[in-house]
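> I'd like to go over a predicted model; first the sequence, then the structure.
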Amino acid sequence: MKKILSWLLIVALLFGCAPKAPSPQATATEPAAEATPSNTTIEPEPAVEKQFRFSTTDLDGNAVDESIFDGYDLIMLNFWAYWCGPCVREMPELEKLYQAYPNVLLLGVIVDDSDMEETRAIVENAGVTYPVLYPEGDLAKLAQNCQYIPTTFFLKPNGMLIDQPTVGSNDLSGWTRTVEGYLK
């Protein structure tokens, strides 16, 4: 009897202290969870958000960088060119939107600077008062990804892109619906 109890004790010690087998959901690439005391709360680490970075000038030669986003609830980047009819036609509508939403920063970004005289004339004729920028830094990267123009990107105040860009022109009511949707 002592021999049987001894063997049971040895088996219990060997197998009773073995590490817990991984759950069926665990994968080989997942790190094993560490045990914590029951009175300890594990705080998730904050996600590191990539900031949108650029340093450029506007049409008047003023230096502009991502600090221009400060104080706004939404940033709207509208990529356009002087030779794009839909781009030019929507500029007065964008100006109305810019005037109606002081908490939304609208930035025009030119994607073709080959005729700056024409570009300046279009901006002036459309009555545009929102900043119009040359694409540099992350603005240039976005411009390179525009397959069509106009293309409009929306960003959070911290510079994070929101959703997919809007491709094509719009009128004031269409832009208003889009902006209101992002401000909710």
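Looks like it arrived, so ask away.
> point out where the protein drops to low pLDDT.
Along the chain, the parts satisfying pLDDT under 70 run over 1-50.
> centre-most residue in it?
residue 161 (1.5 Å; Cα atoms, centre = their mean).
> partner residues bridging that one?
Counting by DSSP bridges, residue 161 is bridged to residue 155.
> ok, now how distant is it from residue 93?
23 Å (Cβ to Cβ, to the nearest Å). Any C-beta I mention is one placed from the backbone N, CA and C, and that applies to glycine too.
> which residue ranges of this protein form strands?
Along the chain, counting by DSSP state E, strands occupy 55-57, 63-65, 74-80, 104-110, 132-133, 151-155, 161-167.
> quick one: closest of the ones you listed to residue 184.
strand 74-80 (10.7 Å; Cβ to Cβ).
> does anything pack onto the closest one? Which helices or strands?
Applying 3 or more Cβ pairs under 8 Å, 6 or more residues apart in numbering; DSSP states H and E, one finds that strand 74-80 contacts helix 85-100, strand 104-110, helix 138-145, strand 151-155, helix 172-183.
> next, the angle from it to strand 151-155.
Here the directions of strand 74-80 and strand 151-155 differ by 160 degrees (axes from the mean of the first three to the mean of the last three Cα atoms, to 10 degrees).
> residues touching the residue nearest to the centre of the chain, list them.
52, 153-155 (Cβ atoms under 8 Å, 6 or more residues apart in numbering).
> check residue 142 too.
Here residue 142 is in contact with 77, 79, 109, 135, 153 (criterion: Cβ under 8 Å, 6+ apart).
> so which of those is the most crowded?
Most neighbours among the contacts of residue 142, by other Cβ atoms under 10 Å: residue 109, with 27 neighbours.
> residue 91 contacts residue 128, doesn't it?
Yes. In this structure residue 91 lies within contact range of residue 128 using Cβ atoms under 8 Å: 5.7 Å.
> common neighbours of the two, please.
residue 108.
> between those two, who's got more neighbours?
residue 91 (22 against 18).
> what's the distance between the more buried one and residue 160?
26 Å.
> thinking again about what came up before, dump the contacts of residue 161 into TSV; add distance to residue 147 as well.
Formatted as TSV, those follow (distance: Cβ to Cβ, whole Å):
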residue	distance to residue 147
52	20
153	13
154	18
155	19
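> most widely separated two among those?
52 and 154 (11.5 Å).
> before we move on, the earlier item: and the contacts of residue 161, which is closest to residue 58?
residue 52 (16.9 Å).
> just checking, residue 146 touches residue 79?
Yes. Contact criterion Cβ under 8 Å: residue 146 and residue 79 qualify, at 5.0 Å.
> can I get the strands of the chain in CSV including distance to residue 122?
Below are the strands of the chain laid out as CSV (distance: least, Cβ to Cβ, whole Å):
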stretch, distance to residue 122
strand 55-57, 18
strand 63-65, 20
strand 74-80, 9
strand 104-110, 10
strand 132-133, 10
strand 151-155, 17
strand 161-167, 20
